[in-house]
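Trainee: what's the 3D shape of this:
(2 chains)
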Amino acid sequence: MVTVTINGKLVKATDGEMLLTLLRREKIDIPALCQHDAVEPYGACRLCMVEITKPEWKGWSDYVTSCLYPVADGLIVHTHSPIVIELRKTILDLMLARNPQTPLVQKLAADYGVMKTSYQEVPEPNDCILCGLCTRICDTMGFKAISAVNRGHGKEIAPPLKQAPPDCVGCLACALNCPTKYIKFTDNGTTRVIWEKSFQLIKDAKTGQPTITREFADYLIAHRNIQADYFDINDESHRKETALNMGKIAQWQREEQS
Amino acid sequence: MTRLQKEYTQKQAAYPHKVIVCCGTGCLANGARKIVDAFEKILSERKVKDFSVEAVKETGCHGFCEQGPLVVIEPEGIFYTRVKAKDVPAIVEKSIEGREIIDSLLYADPTNGHKIEHYPDVKFFSHQKRIALRNLGKIAANSIYEYIAVDGYQALAKVLLQMTPDQVIDQISKSELRGRGGGGFPAGKKWRTCRDVKSDVHYVICNGDEGDPGAFMDRSIMEGDPHAVLEGMMIAAFAVGARQGYIYVREEYPLAVIHLQKAISDCREVGLLGANILGTDFTFDVRIARGAGAFVCGESSALMKSVAGEVGEPRAKYVRSVVKGLYDQPTVLNNVETYANVPLIIRHGADWFRKIGSPKNTGTKVFSLVGKVRNTGLIEVEMGTTLREIIFDIGGGIIDGRPFKAVQTGGPSGGCLPSSKLDLPVDFDSLTAVGSMMGSGGMIVMDDKTCMVDVARYFLHFLVAESCGKCTPCREGLYQLHALTEKVCNGEGTEADLEKMEQLSKMVVVGSLCGLGKSGPNPLMSTIQYFRDEYLAHIRDKRCPAGVCRALIKYEVIEDKCTGCVACITACAYNAITGEKKKPHFIHQDKCEKCGACVAVCKHDAILVS
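Mentor: Numbering: from 1, shown residues only, chains lettered A, B, ... in the order given. Below is the predicted model of the structure:
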């Protein structure tokens, strides 16, 4: 255990845990758009930056991304110092120039008093905030089907060669975790289309309800030690089956006791 | 090793005379290859006394690229510049057989027009002190024996046979060698931290990714003296306990890759790389990792990702790469020039090195001196040499005798310094103190025809494209800064924009993830700091004092000066100039695209830029 001072208050923390985790636990409101518990911290949006110092730094302070900064004993943290607030305001102002119509960005910016960007709007604004969550989650799932292409201001998220990605299994992890809902997909219960690739959904043998895509099922069966017929029925049927089995077991136990 | 050295030196001694042809990339582009071929042909056809074909040496870059291709006749040290293949027969006949000097091929001092016969007398060379560049222009770059003949690998032998890793690190620490990549971090301290990290695997990496526009220091060393880099890396590997090293070279440097490959395979052949080097239990090997030429991959954490085969994006370095670097293992990363210094420090001792340069900034620094300076090229000077000495003594002053305006040091993310800073001693600390930086050593000289707003706009444009785009302040902030400079260049800027640039620059510096973003606003901030008037002229008076920004200038014919030669009419691609022969011409403003072609061709200074 270590002791950290946050905005003047002494707080106990685990040595080496990320500062943002501690700030969240302390209920301090810090925006962080690229942070997600499922993936490693990335430090790209820079909104979670805070001012830190230590007594031995003799008045010198540093500005660090709290999502990536390991807590250490004696750390003094200011989460809303004037420069930190100015920085967040500037970042949100810059984001509004790229994402003027994005509700999430609009709301965060409004929280910091920025109602409209003071910069030049980019020529073709969209909702992608380039937080990289989609690609990182896709990596973590084991597919690496999409990635960031180009660099600098022209960076965007895309499948290889901007064609239907061969490694995508249609799991929707990217789209469902996109904080601005920028990644679009359609799903009509039989066919799912994402990244311009279309997938057939497996139908539950009993109810006809959709389960998951054939590609995703095959991947999980091959890589996650799941039995081959597991996805032939959907979750609801699995639950019903489990309930029936549990009922049978209870029945046996009763019979044994009597 | 001593045996190899002796054999080769004896072989060389049989022919005391040599022809040295610079085969650096600059001279090669100007036809150095044809010169080598011509010499070899003539020397093999006719029997010239004391000369063999082997005496023709293809060396690395001399640095005097402005005057290339360069040929030196040893041992006299006759120095010929701008040589062409057709000059070769005359050189052989007159200077080699006849010991006669060909006047027309000599270098003329630009300040007084005096012809200079011998290599060391050229001011460009005489003001330099060469440590990292010690062998460039002296030894053939593609032969390990040439390197061994000039005491190469003696430092490695000393380290392996007589020293412990701790002693090596002590020497490097005592020499106060600072990383030449730009950061200036003490090399010894870096090596020690890496060594102290408990791990089975340590790596050493050489950063040969040099992306600064106009910089070619590392390129020239890798091309001209690859063994010096390898020897430095081997010593570092021994000191930190690494068994594998990587040299990261950008794809744009094909000759460097070829020479390094040759050097590595030669080393393997003679037992200087691989298992049990020089009969000791030191085992080490080097691989070349080729980068695709992204500027950001010069940043250490992005470079390591790129070596590992991932997208070259930097990460936050709250845990430093010496502790967790390549493949999450402790890694020493130094640049080409740093490694090139190491063997000499070991051979001559830390005290020798510490006496060179200035306190806390020991040794020398290689710069690539380019821009509006007479002698462009590669130079190496003691730390603490002033900008004035570099630009006016070595560089020979400004082209056409125009006034000096500014010098940009440190590459795209360095700063522009005005003439009031000419007497500044150039070292890591003094440059940082005035808002610029050492960077890897690019130095771009500018004259009064350079618009400083345009310069800031240019560098920002470069950085917007070369940012990796990972973090918001760098990706969006530099983009908006560029847009604002564009606005000013177009005459649409306001004073509020100027304030906005300053405010946003500060935030990009504080907020960016890596060094590229943190230093990205430097060209803008330094030009605003030192050339605020010029920004104000664009904003308030809608005027570009240097006559560069297209939206704010006008080309006009000065009737008194115009001789009616029609050169400008021919040059104008937009048919904006009309007139008859021998009568003053006229520029039609509605058609003029302000490309400047007319100014470039007019020999009578008859076109006014206002």
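
Trainee: going along the chain, name the helices of chain A.
Mentor: Listed in chain order, the helices of chain A (DSSP state H) span A:19-25, A:82-98, A:103-111, A:133-141, A:173-177, A:214-223, A:235-257.

Trainee: no wait, the stretch 301-450 of chain B
Mentor: Along the stretch 301-450 of chain B, the segments classed as helices by DSSP state H, counting those that start in this stretch run B:336-348, B:350-354, B:387-388, B:428-433.

Trainee: closest one to residue B:253 among the helices of chain A?
Mentor: helix A:133-141 (30.5 Å; C-beta to C-beta). The C-beta positions use only the backbone N, C-alpha and C, and glycine is treated the same way.

Trainee: spatially nearest residue to the residue nearest to the spatial centre of chain A, not counting backbone neighbours?
Mentor: The structure's chain A has its C-alpha centroid closest to residue A:36; by C-alpha atoms, centre = their mean the separation is 3.9 Å. Once flanking residues are discounted, residue A:36 sits nearest to residue A:133: 5.5 Å by C-beta to C-beta, 6 or more residues apart in numbering or on different chains.

Trainee: what pLDDT is listed against residue B:182?
Mentor: Listed pLDDT for residue B:182 reads 80.

Trainee: residues contacting it?
Mentor: Each residue near residue B:182 by C-beta atoms under 8 Å, 6 or more residues apart in numbering or on different chains is listed here: B:410, B:411, B:437, B:438, B:439, B:440, B:441.

Trainee: chain center to stretch B:105-113: distance?
Mentor: 24 Å (C-alpha atoms, centre = their mean, to the nearest Å).

Trainee: now do stretch A:32-44
Mentor: With C-alpha atoms, centre = their mean as the basis, stretch A:32-44 stands 7 Å off its chain's centre.

Trainee: which positions within it qualify as buried?
Mentor: Neighbour-count burial for stretch A:32-44 flags A:32, A:33, A:34, A:35, A:36, A:39, A:41, A:42, A:43, A:44 (criterion: 16 or more other C-beta atoms under 10 Å in any protein chain shown).

Trainee: and residue B:607, how far from residue B:555?
Mentor: 6 Å (C-beta to C-beta, to the nearest Å).

Trainee: now for these two: what residues contact both?
Mentor: Common neighbours of residue B:607 and residue B:555 (C-beta under 8 Å, 6+ apart) are B:587, B:598, B:599.

Trainee: for the residues you listed, which one is nearest chain A?
Mentor: residue B:599 (32.2 Å; C-beta to the nearest C-beta).

Trainee: around chain B, which positions in chain A sit nearby?
Mentor: A:42-47, A:49, A:63-65, A:68-70, A:83, A:86-87, A:90-91, A:94-95, A:97-98, A:118-120, A:122, A:130, A:132, A:147-148, A:150-155 (C-beta under 8 Å from any C-beta of the partner chain).

Trainee: just give the nearest non-adjacent residue to the closest residue to chain A within the stretch 401-550 of chain B, would you?
Mentor: At 3.3 Å from chain A, residue B:469 is the closest residue in the stretch 401-550 of chain B, using C-beta to the nearest C-beta. Excluding the flanking residues, the one nearest residue B:469 by C-beta to C-beta, 6+ apart is residue A:155, at 3.3 Å.

Trainee: again, but for residue B:251
Mentor: Residue B:251 sits nearest to residue B:293 (C-beta to C-beta, 6+ apart), 4.9 Å away.

Trainee: so that neighbour sits against residue B:208, correct?
Mentor: No: counting by C-beta atoms under 8 Å, residue B:293 sits too far from residue B:208 to count as a contact (11.8 Å).

Trainee: pick out whichever of these two has more residues nearby.
Mentor: residue B:208 (28 against 14; other C-beta atoms under 10 Å in any protein chain shown).

Trainee: tell me the most buried of the helices of the stretch 301-450 of chain B?
Mentor: Most buried of the helices of the stretch 301-450 of chain B, by mean neighbour count (mean count of other C-beta atoms under 10 Å in any protein chain shown): helix B:336-348, with a mean of 26.

Trainee: this completes my enquiry, with thanks.
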